[in-house]
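**Q** dropping the sequence and predicted coords here.
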Amino acid sequence: DAKTTQPPSMDCAEGRAANLPCNHSTISGNEYVYWYRQIHSQGPQYIIHGLKNNETNEMASLIITEDRKSSTLILPHATLRDTAVYYCIVRRAGNQFYFGTGTSLTVIP
Amino acid sequence: DVKVTQSSRYLVKRTGEKVFLECVQDMDHENMFWYRQDPGLGLRLIYFSYDVKMKEKGDIPEGYSVSREKKERFSLILESASTNQTSMYLCASAQGGISGNTIYFGEGSWLTVV
């Protein structure tokens, strides 16, 4: 049973907004949505998380649908350094963090 | 800043050897995790621990065991290493509770079993 579903890869032009979608249709009411990214050969890096409301920080914005079954991570002005694998995660009951296979984002000059 | 430190960055071990991967965190987190990462499969949870001496199986515990004798330290043990355990291993920690607590990762340990 899938916990999160993301497209395997996406491209984005440098300077444009990158919109990364995620489906989490089985999310429970008290489970948060997290986004991380991983640059090759490094540990994943935290980006943002949310429960119901949209969230914004210095790195990105997170848009969660009203039914909470999907979300979108927005990088407002993508740079070459944003090329990475992006993981959408829901925190399962029992404190587990479940990672899917992520979206490989390539920012093109 | 939270720091999760994995003792070895790169290891090469022989088939059948016993392998210890050590992880230490400095933020007094209750929860600690071990994942492995393989191309095309993403991060898969092996074991996690929500308290000292407590452990729970993740999605792929077979062939692994763990030890958490102190709050800050979580060890992954391969009793008899096999070639299909060649992978990148990631340790992580987080505060306890179901609410929004960020998980922090170490830099990873690349294990090759020959």
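**A** Great, that's in hand. Numbering: from 1, shown residues only, chains lettered A, B, ... in the order given.

**Q** the helix or strand of chain A with the lowest mean pLDDT near chain B anywhere?
**A** One helix or strand of chain A scores below all others by mean pLDDT, DSSP states H and E: strand A:97-99, with a mean of 78. Yes. Applying C-beta under 8 Å from any C-beta of the partner chain, one finds strand A:97-99 in contact with chain B at A:97-99. From N, CA and C alone the C-beta is placed, and that goes for glycine too.

**Q** tell me the secondary structure at the residue nearest to the spatial centre of chain B.
**A** A centroid search over chain B (C-alpha atoms, centre = their mean) returns B:W34, at 2.6 Å, as the residue closest to the centre. Classification of B:W34 using DSSP: H, G, I helix; E, B strand; the rest coil returns strand.

**Q** hey, what's it bridged with?
**A** Beta bridges link B:W34 to B:Y47, B:C91, judged by DSSP bridges.

**Q** need the contact list for it.
**A** Neighbouring residues of B:W34 by C-beta atoms under 8 Å, 6 or more residues apart in numbering or on different chains: B:21, B:23, B:45-48, B:58, B:64, B:66, B:74, B:76, B:89-92.

**Q** quick check: closest non-adjacent residue to residue 89.
**A** Just going to use chain A. In space, and not counting its chain neighbours, A:I89 is closest to A:Y34: 4.3 Å by C-beta to C-beta, 6 or more residues apart in numbering or on different chains.

**Q** my bad, chain B
**A** B:S109 (4.7 Å).

**Q** which residues touch that neighbour?
**A** B:6-11, B:21, B:88-91.

**Q** partner strands of the least confident helix or strand of chain A, with direction?
**A** Strands that pair with strand A:97-99, judged by DSSP bridges, come out as strand A:84-91 (antiparallel).

**Q** circling back to that earlier point, which ones among the contacts of B:S109 are found in strands?
**A** Among these, the residues falling in strands (DSSP state E) are B:6, B:10-11, B:21, B:88-91.

**Q** which residues touch stretch A:7-26?
**A** With C-beta under 8 Å, 6+ apart as the test, stretch A:7-26 has contacts from A:1-6, A:33, A:35, A:68-80, A:82, A:86, A:88, A:90, A:101, A:103-109.
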